[in-house]
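S.K.: below are the sequence and a predicted model for it; my questions follow.
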Amino acid sequence: MQQSPAVGRSFLDPAILARIGNLELIAKFVVEGFISGLHKSPYHGFSVEFSQYRQYMPGDDTKHIDWKAYARTDRYYIKQFEEETNLNCYLLLDASESMLHPIDESQADDPTIEEGGTGQRLTKLRYSSFLIASLAYFMAKQRDAVGFAYFDDTLRQYLPARSSTSHLHSILLTLETLQTTKSTRMGMPLHQIAERLTKRGLVLFVSDLYDDNQTEVVEGLEHLRYEGHEVIVFHVLAHQELAFAGFEAGRSAEALIRFVDSESDAEIITTPQAIQESYLNNFNEFLDTYRLALRQSGIDYNMITTATPIDLALASYLAKRQGVI
C-alpha cells in the first residue's frame, strides 16, 4: 500500500480516534490531517467540463492553450473549465457479527472507552466505520459522488451515489446506527450491488472476508469488475487474528480456554498451544487464497489491521483514483 506523509501520524492512530464519539468529527480530523500532510494538492488536474475560451495571460499554465484555436486565429487562447462531479465512488461494508470481534487487548483497561463513556472499543467494525466515514468525507471534498451499502447475508441498506453535503450526513448517520447479524454470505449481496450500479466508478469494499464460501465472495467482486468498476478491497483484521495472540494474560501456559465462533456459536475448549500451529496454517492459507484470486482478477487487495493509521487507506484510494480519472 502506498505510504502517506508522516505528518500528524500519531493523531491518526485508530486507538486514539476510538476515544472520539462522533464519526463526522473523526472523519474531519482524519481527512484534514491527511491533506495537511500532502506536499502537493490532489485537487487539480482531474476531469472537468469545458466551459469557454479566454485570451492567454502571462502566468497561465501553457498546458491549457488550445493549439487548434491558435492555428486558426494566430492568437493564444486558454480553455476555461467548470468543475463537475469527477467520479462515482461506492463504499461497501461487511456488517456481519465477526466484525465485532476481537477487541484489541491494548484497550481493555482504557477508562476513556468503557461502556457508557465517550469512546467505543475498537472492534473491526468500528475501525471500518472510521475508514468508510473518512473516505466518504474525503470523496465529498473532491466533489465525487459517494454511495454506500452494508450487508451480511443480504443487502441491508443501499444509498445511491450522490455528491451533496446532506447525502454525506446520511451515510455517516447510517454508519452510526447500523446493526449486525450473525449470518454471513457475501456473494449474493455483492452480485445484487453489481446489478444496481449503473454508472461505472470506483468500488471500495471493507470486510474481514470471513465467509464459508470464499469462491462466492471472489465471484461477487469479479462481477463488479465485469461491470467496468475499479475495485479496492480493504481486508480488515485484528492483530490477535494474525498472530493468534492475546490469550496469555493472567493465565498459565496449560490453561484451558473456550473458543467460540462469533457467528455459528460453535465452540471448542482447549489450550492455545494445542491449536496454534493448525490455526496459523489455515489462516495463512485463507489469506493467500484471497490475495491470489483477487489480484488475478485485477482487484486491488490491501490487508490492514485495526492498528493501521487511517491515512494509509486514504493514500491507497487517492493513488487508485488518480489512475482512474
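M.R.: That came through fine. Predicted, not measured: the structure shown is a model, and the values here were computed from it. Residues are numbered from 1 along each chain as shown.

S.K.: now do the helices in the stretch 201-325 of the chain.
M.R.: 214-226, 239-243, 272-296, 310-324 (DSSP state H, counting those that start in this stretch).

S.K.: what's near enough to touch the closest residue to Thr181 other than its chain neighbours?
M.R.: With CB to CB, 6 or more residues apart in numbering as the measure, Asp152 is the residue that lies nearest to Thr181, at 4.9 Å, once sequence neighbours are left out. C-betas here are computed from N, CA, C, even on glycine. The neighbourhood of Asp152, defined by CB atoms under 8 Å, 6 or more residues apart in numbering, consists of Asp94, Ala95, Ser96, Glu97, Thr180, Thr181, Lys182, Ser183, Thr184, Arg185, Met186, Pro189.

S.K.: is Thr174 in a helix, a strand, or coil?
M.R.: helix (DSSP: H, G, I helix; E, B strand; the rest coil).

S.K.: list the contacts of it.
M.R.: Contacts of Thr174 by CB under 8 Å, 6+ apart are Phe148, Tyr150, Gln157, Leu159.

S.K.: need the phi and psi values for the first one.
M.R.: Dihedral angles phi and psi of Phe148 (degrees, to the nearest 10) take the values phi -150, psi 140.

S.K.: that one against Ser129, yeah?
M.R.: No. If you go by CB atoms under 8 Å, Phe148 and Ser129 don't touch, sitting 11.1 Å apart.

S.K.: which residues are in contact with Val206?
M.R.: Neighbours of Val206 in contact, by CB under 8 Å, 6+ apart: Leu91, Leu92, Leu93, Asp94, Ser128, Leu131, Ile132, Phe234, Val236.

S.K.: 6 Å instead?
M.R.: By CB atoms under 6 Å, 6 or more residues apart in numbering, the residues touching Val206 are Leu93, Ser128, Leu131, Phe234.

S.K.: how far away is it from Pro58?
M.R.: As for Val206, its distance to Pro58 is 48 Å (criterion: CB to CB, to the nearest Å).

S.K.: what helix or strand is Ile26 located in?
M.R.: helix 23-37 (DSSP states H and E).

S.K.: convert stretch 299-311 to CSV, retaining C-alpha atoms only.
M.R.: Taking Å, rounded to 0.1, in the frame of the first residue of the first chain, the C-alpha atoms of stretch 299-311 are listed here in CSV:
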residue,chain,number,x,y,z
ILE,A,299,-8.7,-6.2,-7.9
ASP,A,300,-6.6,-4.2,-5.5
TYR,A,301,-6.1,-6.2,-2.3
ASN,A,302,-4.9,-4.5,0.8
MET,A,303,-4.6,-6.4,4.1
ILE,A,304,-4.7,-3.9,7.1
THR,A,305,-5.1,-4.3,10.8
THR,A,306,-7.1,-2.3,13.3
ALA,A,307,-3.8,-0.6,14.2
THR,A,308,-3.2,0.7,10.7
PRO,A,309,-3.5,4.5,10.6
ILE,A,310,-6.5,5.5,8.5
ASP,A,311,-4.4,7.8,6.3
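
S.K.: reformat the helices of the stretch 201-325 of the chain as TSV; add distance to Gln142, mean pLDDT and mean neighbour count.
M.R.: Converted to TSV, the helices of the stretch 201-325 of the chain look like this (distance: least, CB to CB, whole Å; pLDDT from 0 to 100; neighbours: other CB atoms under 10 Å):
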stretch	distance to Gln142	mean pLDDT	mean neighbour count
helix 214-226	21	96	19
helix 239-243	32	82	16
helix 272-296	26	88	14
helix 310-324	8	78	20
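
S.K.: to Gly201, which of those lies closest?
M.R.: Taking CB to CB, helix 310-324 is the member of the helices of the stretch 201-325 of the chain nearest to Gly201, at 8.1 Å.

S.K.: can you name every helix or strand that that closest one contacts?
M.R.: helix 23-37, helix 124-141 (3 or more CB pairs under 6 Å, 6 or more residues apart in numbering; DSSP states H and E).

S.K.: the same query, at a cut-off of 10 Å, please.
M.R.: helix 23-37, strand 88-94, helix 124-141, strand 202-207, strand 230-237, strand 300-305 (3 or more CB pairs under 10 Å, 6 or more residues apart in numbering; DSSP states H and E).

S.K.: figure out which of the ones you listed is closest to Glu277.
M.R.: strand 230-237 (19.0 Å).

S.K.: name every strand pairing with the closest one and say which way it goes.
M.R.: Its sheet considered, strand 230-237 pairs with strand 202-207 (parallel), strand 300-305 (parallel) by DSSP bridges.
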